[in-house]
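K.L.:
Pasting the sequence and the predicted model now:
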Amino acid sequence: MAAVTCRGLLKEIRIAKGSDYRNTLVYKYVLEQFRRNQVTGAQLCRARMEALHAARTYLCLLTSTRLHLRLHERYHGRGERAPEVVAGLVGLRLPTQPGGKGWET
Amino acid sequence: MLRNICRHHRQFGQVIWPFAFPQAQYVPSLSTHLQKASYASATTERKKFYENVSISQGEGGLFEINLDKRKLKTPGGKLFTVPNEALAIAVATEWDVQKDTLKFYTMHLTTLCNTALDNPTQRTKGQMISAALKFLETDTICYRVEEPPGLVELQRNEWDPVMNWIEERYSVVIGSSASIMGPQIPEETKETFCQHLNSYNFWSLTGLEYVITQLKSLVLSFGLIDRHLSVEQAVLLSRLEEEYQIQRWGNVEWVHDYDMYELRARTAAGAMFVHLSSESTAVKRKILQD
């Protein structure tokens, strides 16, 4: 369980950062935290379970922000088309009124 | 039945539909550039103006974020300081992973820290505690439906264990109801929760209020903060009726998945914020004696 979380976190950091992900602060911090909680004398170590829960929460944060941004870019990233372009889609043109529209002063 | 929902999410959550263009090959045309530019304003998107992000420890043991050579400041103009290193690293990572444009709506931890530092609406601890207790009366877990029978059973199977857990852990009585008026919360319950909430500091209460607002439930927020539930489980329980309808009628990616990921991101950020603001680490070295 801890190994899966650790691998997932490092993968997320690699996706987010790119090439030199090993030099980032967060990579070193995550590895240090996992190493520190590995050795424990007790069978049910509370600090270890709390750290694991925190790690899973952070993994959920990274994954869901990335996927949310991906969905946003894919579906809601572009705005609306201008009215002239919309008319042009069906082969029409908006009329030009040199005197301005009726409600404009 | 909930296991089916989880399996459905695991299997189909990552599928890319064949007719959606993959990210790497998408070539935006000129018109989309113009449309994107017209929708970006100074409040939602800015160009990335720094290269490196680092943290440093200032006076009082508080950590600051440095963007290139400049120190990060809150929207209120104050210097951005956080009490511990882990939160500083997480915020620095949020700024570090931005590419080309800064998308402030993805930087949840930064937003939470700004709210806690600036306190623009002048909230006090007492106000936040009373608002949270008031929310208990309209808690999601307490409101049950009477039909359709599949949803009734799902609510009973999934929400009852959480209700039993919180009643046992805090020795309170909350109960659930199917009427429009909701459950009657006894005064001792509110007293117990009030005392418990008073033990959190201001930053943790800010985060907790955020989580309660996102999950629409005090019971689920406590379950998450007390590490009884994971973020995915808490979000699933909060959206139980929606998940039931998705299982019945199908999933619409650009609404359901979008909302679910956004809710997960915000809840995870809030939970992390509460945990990091309320913990303190101490290293005790044990010397082996042979």
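P.N.:
Cool, got the structure. Residues are numbered from 1 along each chain as shown, chains lettered A, B, ... in the order given.
K.L.:
any idea where the helices of the chain begin and end?
P.N.:
With no chain named, the answer covers chain A. Using DSSP state H, the helices of chain A run over residues A:2-17, A:25-36, A:46-75, A:83-89.
K.L.:
other chain: chain B
P.N.:
Going by DSSP H, chain B shows helices at B:2-12, B:30-39, B:85-96, B:108-118, B:125-136, B:149-170, B:187-198, B:202-215, B:218-225, B:231-238, B:240-249, B:258-278.
K.L.:
Of those, flag the one that's most buried.
P.N.:
Comparing these by mean neighbour count (mean count of other Cβ atoms under 10 Å in any protein chain shown), helix B:218-225 ranks first with a mean of 26. C-beta: built from backbone N, CA, C; applies to glycine.
K.L.:
now it against helix B:187-198, angle please.
P.N.:
40 degrees (axes from the mean of the first three to the mean of the last three Cα atoms, to 10 degrees).
K.L.:
Report the angle between helix B:218-225 and helix B:125-136.
P.N.:
Interaxial angle of helix B:218-225 relative to helix B:125-136 (the same axes, to 10 degrees): 120 degrees.
K.L.:
could the helices of chain B go into JSON lines alongside mean pLDDT and distance to A:Ala47?
P.N.:
Formatted as JSON lines, those follow (pLDDT from 0 to 100; distance: least, Cβ to Cβ, whole Å):
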{"stretch": "helix B:2-12", "mean pLDDT": "62", "distance to A:Ala47": "28"}
{"stretch": "helix B:30-39", "mean pLDDT": "46", "distance to A:Ala47": "46"}
{"stretch": "helix B:85-96", "mean pLDDT": "93", "distance to A:Ala47": "14"}
{"stretch": "helix B:108-118", "mean pLDDT": "94", "distance to A:Ala47": "22"}
{"stretch": "helix B:125-136", "mean pLDDT": "92", "distance to A:Ala47": "28"}
{"stretch": "helix B:149-170", "mean pLDDT": "93", "distance to A:Ala47": "20"}
{"stretch": "helix B:187-198", "mean pLDDT": "93", "distance to A:Ala47": "22"}
{"stretch": "helix B:202-215", "mean pLDDT": "94", "distance to A:Ala47": "19"}
{"stretch": "helix B:218-225", "mean pLDDT": "94", "distance to A:Ala47": "17"}
{"stretch": "helix B:231-238", "mean pLDDT": "95", "distance to A:Ala47": "20"}
{"stretch": "helix B:240-249", "mean pLDDT": "94", "distance to A:Ala47": "32"}
{"stretch": "helix B:258-278", "mean pLDDT": "95", "distance to A:Ala47": "12"}
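K.L.:
Can you add distance to chain A and give those helices back as CSV?
P.N.:
CSV is the format used below for the helices of chain B (distance: least, Cβ to the nearest Cβ, whole Å):
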stretch, distance to chain A
helix B:2-12, 12
helix B:30-39, 4
helix B:85-96, 4
helix B:108-118, 7
helix B:125-136, 20
helix B:149-170, 15
helix B:187-198, 18
helix B:202-215, 11
helix B:218-225, 9
helix B:231-238, 4
helix B:240-249, 15
helix B:258-278, 4
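K.L.:
ok, back up a step: hey, which of the helices of chain A is tucked in deepest?
P.N.:
The most buried one of the helices of chain A (mean count of other Cβ under 10 Å) is helix A:46-75, showing a mean of 19.
K.L.:
Nearest to B:Pro75 among the helices of chain B would be which one?
P.N.:
Closest approach to B:Pro75 among those is made by helix B:108-118 (5.9 Å; Cβ to Cβ).
K.L.:
what's near enough to touch B:Phe63?
P.N.:
B:Phe63 is in contact with B:Ile55, B:Ser56, B:Gln57, B:Thr81, B:Val82, B:Pro83, B:Asn84, B:Glu85, B:Leu87, B:Ala88, counting by Cβ atoms under 8 Å, 6 or more residues apart in numbering or on different chains.
K.L.:
Mind doing that once more with 10 Å?
P.N.:
Contact partners of B:Phe63, counting by Cβ atoms under 10 Å, 6 or more residues apart in numbering or on different chains, are B:55-57, B:80-89, B:91-92.
K.L.:
got it, and B:Val145?
P.N.:
So B:Val145 contacts B:Leu151, B:Val152, B:Leu154, B:Gln155, B:Ala178, B:Glu241 (Cβ under 10 Å, 6+ apart).
K.L.:
Equivalent analysis for A:Met49, please.
P.N.:
Neighbours of A:Met49 in contact, by Cβ under 10 Å, 6+ apart: A:Asn37, B:Arg227.
K.L.:
on that earlier part again, adding distance to B:Leu67, write the contacts of B:Val145 out as JSON lines.
P.N.:
As requested, the contacts of B:Val145 are arranged in JSON lines below (distance: Cβ to Cβ, whole Å):
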{"residue": "B:Leu151", "distance to B:Leu67": "49"}
{"residue": "B:Val152", "distance to B:Leu67": "53"}
{"residue": "B:Leu154", "distance to B:Leu67": "47"}
{"residue": "B:Gln155", "distance to B:Leu67": "47"}
{"residue": "B:Ala178", "distance to B:Leu67": "53"}
{"residue": "B:Glu241", "distance to B:Leu67": "43"}
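K.L.:
What is the nearest of the residues you listed to B:Thr206?
P.N.:
Distances from B:Thr206 to the contacts of B:Val145, taken as Cβ to Cβ, are shortest for B:Glu241 (28.7 Å).
K.L.:
hang on, that closest one packs against B:Ile141?
P.N.:
No: using Cβ atoms under 10 Å, B:Glu241 is not in contact with B:Ile141; the gap is 11.9 Å.
K.L.:
intersection of neighbour lists for these two?
P.N.:
B:Gln155.
K.L.:
what's B:Tyr201 sitting at in phi/psi?
P.N.:
One correction, residue B:201 is Asn, not Tyr. phi -80, psi 180 (degrees, to the nearest 10).
K.L.:
If you could redo that for B:Asp139, that was the one I meant.
P.N.:
Torsion angles, degrees, to the nearest 10, at B:Asp139: phi -70, psi 140.
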